[in-house]
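Enquirer: Just the structure for this:
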Amino acid sequence: MVIVRNSLKTDAAVKAIVATVKEHKPRSYAGFLGNFSKLITACQAIGIPYDPDNPMLAITQLILLLATITNANKNVVDLMTPYKAALLARNYAYELMSAYKTQILNALKASKDVTPAQVLIATNFGKKVDGIRIKSIKVVPGVAEEAIVETTVTDVELERVEHNSVSFQRFEIRMNNFLIFFTYVTGLACYTPKKEMLQLAAIQEYYDTLPILNNAAQLATNAIVLARQARDVAFFDEKIGARHIGTQVKDYISGDFTTKSKEYKMVKGLAFIDLRRKNDK
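Expert: Residues are numbered from 1 along each chain as shown. Next comes the predicted model:
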């Protein structure tokens, strides 16, 4: 026999809560938190008759869980701005690399006494900076065989760098290839540009910022990855996560008070969906 508990004192109390929990599928973590808070409000409104056997469904535990998931989400949100700033700064510096490389290479080509062999080697090093694999090298008169071999020793397969879409290691490889390129060019006696930004000191200063920015981006990425993992546990763990607990609370109310009860109407529209594939908001 199903026992229906008439625990709520007035229909007005039910309508007031139901009005705030009409079917709502959260599209953000903030929406999820809002739904979980409304779930607690509904349980508190039921009062003494809300008495689940599972201690994890107790109102005091639900309040603690709400605090946990609120803090877990806040940690991710707080890290998002420095994370994006670190990636933006790193990517901007690396986006300048190809243009800078071209300017240096053109300065070499315009240098007095530069040889075809030197231009060829520098050009091949420059292609590596852009992430282009050197599949074949045309022999140029005057280019020694050992010089051609030298251009292929450090060859690495790379994809062209896209904003926010390459790994820390790929940026590091690009940085190393730029070092090889400008070390070779600036080491040539014929390379004597008058423009300050094309001289070794300026190039070295630009290069020295790259590992700093890359490391900062990696640290920021690591921090937000860990924060997201902690948030995933708090929200979506299959045993202790808020999604699982919230669903259990709804199941308990529907079973203990029936699906047509005033009590269940207060929580029926609250959805707890997996947001891990959605964008952070």
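Enquirer: Low-confidence ranges, the stretch 151-281 of the chain, go.
Expert: For the stretch 151-281 of the chain, applying pLDDT under 70 flags the ranges 151-167, 277-281.
Enquirer: how about the helices in it?
Expert: Remark: helices assigned in the stretch 151-281 of the chain by DSSP state H, counting those that start in this stretch are 168-186, 200-236, 242-257, 262-265.
Enquirer: got the buried residues for the shortest one?
Expert: Meaning helix 262-265. 262-265 (16 or more other C-beta atoms under 10 Å). Every residue, glycine included, has its C-beta placed from N, CA and C.
Enquirer: Report how many residues lie close to the closest residue to residue 128 other than its chain neighbours.
Expert: Nearest residue to residue 128, sequence neighbours excluded (C-beta to C-beta, 6 or more residues apart in numbering): residue 177, at 4.3 Å. If you count neighbours by other C-beta atoms under 10 Å, residue 177 ends up with 23.
Enquirer: Just to check, residue 177 is in contact with residue 127?
Expert: No. Between residue 177 and residue 127 there is no contact under C-beta atoms under 8 Å: 9.1 Å.
Enquirer: any residues touching stretch 66-74, and which ones?
Expert: Stretch 66-74 is touched from outside by 29-30, 32-33, 36-37, 40, 227, 230-231, 233-235, 242, with contacts defined as C-beta atoms under 8 Å, 6 or more residues apart in numbering.
Enquirer: Among the residues you listed, name the buried ones.
Expert: Using 16+ other C-beta under 10 Å, the buried members of these are 29, 32-33, 36-37, 40, 227, 230-231, 234-235, 242.
Enquirer: which among the residues you listed gets closest to residue 253?
Expert: Comparing those against residue 253 with C-beta to C-beta picks out residue 40 as the nearest, at 12.4 Å.
Enquirer: Quickly find the element holding that closest one.
Expert: Residue 40 is part of helix 29-46 when elements are defined by DSSP states H and E.
Enquirer: any idea of the angle that helix forms with helix 242-257?
Expert: Note on geometry: by axes from the mean of the first three to the mean of the last three C-alpha atoms, to 10 degrees, helix 29-46 and helix 242-257 are set 30 degrees apart in direction.
Enquirer: after helix 29-46 comes which helix or strand?
Expert: Counting by DSSP H and E, the next helix or strand C-terminal to helix 29-46 is helix 59-109.
Enquirer: Now do whatever helix or strand comes next after that following helix: which elements does it pack against?
Expert: As assigned by DSSP H and E, the chain's next helix or strand after helix 59-109 is helix 116-129. Packed against helix 116-129 by the contact rule (3 or more C-beta pairs under 8 Å, 6 or more residues apart in numbering; DSSP states H and E) you find helix 59-109, helix 145-153, helix 168-186.
Enquirer: Out of these, which gets nearest to residue 275?
Expert: Per C-beta to C-beta, nearest to residue 275 of these: helix 59-109, 10.0 Å.
Enquirer: Show me what the mean pLDDT comes to for the closest one.
Expert: Averaging pLDDT along helix 59-109 yields 95.
Enquirer: okay if I get the helices and strands packed on helix 116-129 as JSON lines plus distance to residue 221?
Expert: Output for these, formatted as JSON lines (distance: least, C-beta to C-beta, whole Å):
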{"stretch": "helix 59-109", "distance to residue 221": "7"}
{"stretch": "helix 145-153", "distance to residue 221": "31"}
{"stretch": "helix 168-186", "distance to residue 221": "7"}
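Enquirer: and the closest residue to residue 203 other than its chain neighbours, how many neighbours does it have?
Expert: Leaving aside its sequence neighbours, residue 203 sits nearest to residue 182 (C-beta to C-beta, 6+ apart; 5.0 Å). Other residues lying near residue 182 total 25 when counted by other C-beta under 10 Å.
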